[in-house]
Each structure stands twice: as C-alpha cells, then as structure tokens.
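**Student:** Here's a sequence, model it:
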Amino acid sequence: MKTNFSSNPARAQSWIALFIVPLILLVATDQSAFSQDTAECVASEVTFDGTIPLAYRVAKADAQQRVDLYREYPGGCEDSTQGRCRPIGYLIKGDIAAVAKSCGAWSYLQYIGEKKITVGWAEANRFSDLLREGGASEENVKSEEENSTAYRFRLTKGNGIPVCEAYLQRLNRTNFSKPDPFRRVGSPPYCGRPENDSVPGFSVLKREMLTPATVQRLIAKIWNFTHPNLKKPECYVRDVGGPCVETWPIAEIKEELSPVSEKLFAWRYPGGVDIENNRHPEEIVIWQGIGVAGESGLCGVVYGDSPDAGYRQPQLAYVLTKNDADVDQERTKALFQHPVRDYVGTRQDGERFVISDRYRPIGTSTGIFEYRNKVYLDTFFDVWGDLRNARVDLPKIANTLAVIERKGGEAKEICEYEVSGQDYPTHKTWSLSP
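**Tutor:** Next comes the predicted model:
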C-alpha cells in the first residue's frame, strides 16, 4: 500500500516518530554513557606534585600553529571562544608539559614556563612522547607501587615558582631506598638527595668520589676548619724529614675508606661548579661523615635517646684550594657559611646565649643541583634556626628542606619543603654543642 504523506501530514509525523525517535534515544543513550565516563574522568582529582605518575610530553605544533590551553574541560568548544571555551594560554612547538590525565580527546596538563606555571586542558593528539638524548636517569625514580610508603614532600614556600614546583616533582619521584654510591643504602632524604633528570629541566651533575689518598690529605683539614675549637693534629705519622703520611688515626681511616663503609662519603664535581652562576666555577667537595662529624654513626639509623629519629650525619660543602691541598677557608665561608655566623640559642631559663668559636654552615645537609642551566643549593635546617635565624628551638624544622640561590654574593631562599614523618631529633639548643 502506498501512503501519501503530503495529503495526510498527521500520518507523516507519526511515521517519522516511529523511526526517528528510537534512533535519537539510542544515540542519546550512547552519548549519555560516554559523557558520564568523561565527567568522572574530568572530576577525578590529580596533582602535579610528583606523588602520582606524570607523563612528560612535547607539543608538536608546527611553526604556524599553537596548542591552546583551556581552564575547564573544553569538549564541544571547537567553534566557540566564549566563556569556558576561551583559551587561557598556549604552547608552541617543543614546549614540554606534564600530563596528569587524559579524558576523551583532551589531556589535563601542567606547563612550567620560564617565569610562570600554567595548568589546563589541551588536545591530546597535539603532543608526542618526550624522547631525550641518552634517556632520562630513572635508576632513582620510584614506581607507582612505591609511592604509598615513600617520603612525601609538600611545598610550603615558593608556590608557583618554576624551580620550586619542578623540584617538588623530582623530590616526590625520587626513590630514596634504591642503592646510590653517594649515600647510605635506604637512608632518608636528610642523608642526601640523589641525582636524576627524570623531570625535564634538570641536568645531572657528575659526581666523582675522592680517592683514599685525597681523603687522607684533607680529612684533618676538613675537621679543623669545621671545628676550630677542637683541632686535631694534621699529621699522625711522618717520615723522618719527609711529608705527612697519615692524617687520621690509621685504624679508623682504613675502616672509613673501606669499600663497604657507610660512614664517610666525599665527592667532587669534575670541572667545578658555577655555584654563584657567574661563569666562574668553584672546586667544591661535598663531605658526609667522619671528618665533618665527631661521631661515626650511620646516617638515618635510629639511636637510643630518640626512638623515632635517625642519626643526622652532617653533609657539608667546602671549596678547595688548587691541587686539593687544603680547604679554601675564605671562599668556603663566603659561599656556605650561615649569614648570622654564630650559633644563637636559648638556655633553660630563657636567657639567650651565643657560641662564636665554631664554623656555622648554612644548613646541616647541603646538596647542589642544576635546573635550566642555573645552580642551586638545598639544605635541611636544624633547631639552631633557618636562614634568617628564625624558628630557633623548633624541632620539626629539621624536616624542612630549603632551596637557596646564590646571587651577587648573597644567599636567597627560594623554596621550602616539609617532608612527611616524625623522623627528627627533639633536642633543644641548650642541650647541644654544635
């Protein structure tokens, strides 16, 4: 039977409804299911602090294009530039971003620029995997499973500053339990921060262990500079009419320099380090353990009177004279001495006291790293206070890690982090002898 729809509009509408409405419902059902999945993905919480896995990807726009970034999920924004569809910024070819999640055709990412940080959505297909020459060093990067029991760092000063946000990712990605020739196996972050360039922008500073002969030559000089009130003889055994042969008790130094020892770590940076970023590298050594400290405890190992706190073996930086002959006292003090110089504490009765016959370093666990061709110091503080000599006698400050930039002969603190846990000594300054 042939139906004449033109002569019967009502019948035509009923036939259209019969075939079209189910199709619309089917499409709507599929779209609803897809939208729900996308909505859940968009709503899921992520962070760029390095505590969850991040994928580093590079923008592949050509010279005539840019990759727009949107503050909110921009699904359906192809032909609109209003409201949530208006871009908040853009990336160009070669820009590297950290991707936290991808929902449908869009990725939620963070771009760390030279001066500011932008977080937003961009088209996922406008990026490719980041491939770096030689590959990034992953030996000290923790797996997703290791995240649950790892040390966690929280940025408390420097939010929005590129180097601070990037170093936060690096710290939280670092597996401190993995073997490292420059720190005790499995030791906490205050026993040193391993090198790695898994986060874009960081360069690996090559470290080189000091030879036993160099350690023998320097160890008493290191001690005497650090502890001028407790000087030791710089030569215990001397050939008749000849040079010094041993500079530390023989049995002790042989033990500390054995291949399995974890009581002394001392290294240099071949070619020097441009610590003031003025194109004048300094011959710097980092020294942890015997020679800096008077005790030979293992860094990070819990000791009797503080059941929750591991031993904090000092790790300090020194500048050497030519041919590694001695500590360059003037340059070491200029670069690594605390601005206040003296130790200032409080007695039990509340009276202030000053100790001025010691060398006071800028912090207790000094490290060096390079980010975007600029060198920075990092260090943990202790109960003697921070860089401004504030927060004295606050034990938890020992879990505060600071990043310091040296510029124009001055030390400026850029970032601060708080590391999780109760692993810090509880002594007050009145009970200590630095």
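**Student:** Ramachandran angles for Leu377?
**Tutor:** Torsion angles at Leu377 (phi, psi; degrees, to the nearest 10) stand at phi -100, psi 150.
**Student:** Go ahead and confirm it touches Lys412.
**Tutor:** No - applying C-beta atoms under 8 Å, one finds Leu377 not in contact with Lys412, separated by 10.4 Å. Using the backbone N, CA and C atoms, a C-beta is placed for each residue, glycine as well.
**Student:** pLDDT weak spots in this structure?
**Tutor:** Residue ranges of the chain with pLDDT under 70: 1-34, 63-64, 76-84, 132-149, 245, 248-260, 295-296, 303-308.
**Student:** Contacts only, for Glu413.
**Tutor:** Lys157, Asp386, Leu387, Ala402, Val403, Ile404 (C-beta atoms under 8 Å, 6 or more residues apart in numbering).
**Student:** Also Ser356?
**Tutor:** Arg341, Asp342, Tyr343.
**Student:** which of those are buried?
**Tutor:** With neighbours counted by 16 or more other C-beta atoms under 10 Å, the contacts of Ser356 contain buried members at Tyr343.
**Student:** now the contacts of Ser356 as a markdown table including secondary structure and distance to Gly192?
**Tutor:** A markdown table is the format used below for the contacts of Ser356 (DSSP: H, G, I helix; E, B strand; the rest coil; distance: C-beta to C-beta, whole Å):
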| residue | secondary structure | distance to Gly192 |
| --- | --- | --- |
| Arg341 | coil | 25 |
| Asp342 | coil | 27 |
| Tyr343 | strand | 24 |
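**Student:** Could you look up the SS state of Val99?
**Tutor:** Reduced to three states with DSSP: H, G, I helix; E, B strand; the rest coil, the structure at Val99 is strand.
**Student:** Lys396 versus that one, what's the distance?
**Tutor:** Here Val99 is placed at a distance of 35 Å from Lys396 (C-beta to C-beta, to the nearest Å).
**Student:** higher neighbour count, the two?
**Tutor:** Val99 (19 against 12; other C-beta atoms under 10 Å).
**Student:** start to end distance for stretch 261-281?
**Tutor:** 31 Å (C-alpha to C-alpha, to the nearest Å).
**Student:** on that earlier part again, who touches both of Leu377 and Lys412?
**Tutor:** Ile404, Glu405, Arg406.
**Student:** isn't there a helix covering the first one?
**Tutor:** Put plainly, it is Ile404. No - counting by three-state DSSP, Ile404 falls outside a helix, being strand.
**Student:** contacting residues for it?
**Tutor:** Ile362, Tyr376, Leu377, Asp378, Thr379, Leu387, Ala411, Lys412, Glu413, Ile414.
**Student:** Make a PyMOL selection of the buried ones in the residues you listed.
**Tutor:** Those of the contacts of Ile404 that count as buried under 16+ other C-beta under 10 Å are selected in PyMOL with:
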select buried, resi 362+376+377+378+379+387+411+413+414
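**Student:** between the contacts of Ile404, which is nearest Gln329?
**Tutor:** Ile362 (15.4 Å; C-beta to C-beta).
**Student:** Quick check: that closest one vs Glu418, distance?
**Tutor:** For Ile362 relative to Glu418 (C-beta to C-beta), the value is 19 Å.
**Student:** One more: His427?
**Tutor:** His427 sits 19 Å away from Glu418, going by C-beta to C-beta.
**Student:** ok, now Tyr236?
**Tutor:** 43 Å.
**Student:** what's the answer for Leu168, then?
**Tutor:** Applying C-beta to C-beta to Leu168 and Glu418 gives a distance of 11 Å.
**Student:** Give me the common contacts of these two.
**Tutor:** Phe153.
**Student:** Buried ones in stretch 225-234, by neighbour count?
**Tutor:** Within stretch 225-234, the residues that count as buried by 16+ other C-beta under 10 Å are Phe225, Thr226, His227, Lys232, Glu234.
**Student:** before we move on, what about stretch 181-188?
**Tutor:** Applying 16+ other C-beta under 10 Å to stretch 181-188 flags Phe182, Arg183, Arg184, Ser187, Pro188 as buried.
**Student:** ok, the nearest residue in space to Ala334 that is not next to it in sequence - how many residues close by?
**Tutor:** Nearest residue to Ala334, sequence neighbours excluded (C-beta to C-beta, 6 or more residues apart in numbering): Gly409, at 7.2 Å. The number of residues packed around Gly409, counting by other C-beta under 10 Å, is 9.
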